[in-house]
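>>> no letters, just coordinates:
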């Protein structure tokens, strides 16, 4: 899969959740029998997924929040989410 399209709505599927670990001081993406430690960029992207905002909306939000060019945000976010979609940790409707 090449990642989410602009009109699709990426979301965390049932059983997958974003959690802060105070002991490790880091965000983790948790799924059954899997955990992925996230950096600041990854946690920001996943925090923007609300199941209602489409990919273009996610890009617009992140671009506005961080003052980054939308084209760069879209490229980075699409690549990141494509990897998680291949691992079945993110889905798109």
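Yep, it's here. Given the structure is predicted, the values throughout are model-derived calculations rather than measurements.

>>> now residue 65: how far from residue 22?
Per Cβ to Cβ, to the nearest Å, residue 65 is found 23 Å from residue 22. Placement of C-beta: from N, CA and C, glycine included.

>>> same check on residue 64?
Residue 64 is 29 Å from residue 22, by Cβ to Cβ.

>>> try residue 69
From residue 69 over to residue 22 (counting by Cβ to Cβ), the distance is 34 Å.

>>> neighbour count: these two, which is higher?
residue 69 (9 against 6; other Cβ atoms under 10 Å).

>>> ok, the more buried one - contacts?
Going by Cβ atoms under 8 Å, 6 or more residues apart in numbering, residue 69 touches residue 63.

>>> please state the backbone phi and psi of it?
phi -60, psi 130 (degrees, to the nearest 10).

>>> tell me how far it lies from residue 2.
From residue 69 across to residue 2, the span is 21 Å (Cβ to Cβ).

>>> could you check the pLDDT of the residue nearest to residue 65 when sequence neighbours are not counted?
Leaving aside its sequence neighbours, residue 65 sits nearest to residue 44 (Cβ to Cβ, 6 or more residues apart in numbering; 7.3 Å). At residue 44, the model reports a pLDDT of 97.

>>> which stretches in this structure count as helices?
Remark: helices assigned in the chain by DSSP state H are 40-47, 55-66, 70-86.

>>> adding mean neighbour count and distance to residue 28, write the ones you listed out as JSON lines.
Shown next, in JSON lines, are these (neighbours: other Cβ atoms under 10 Å; distance: least, Cβ to Cβ, whole Å):
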{"stretch": "helix 40-47", "mean neighbour count": "18", "distance to residue 28": "9"}
{"stretch": "helix 55-66", "mean neighbour count": "17", "distance to residue 28": "20"}
{"stretch": "helix 70-86", "mean neighbour count": "17", "distance to residue 28": "13"}
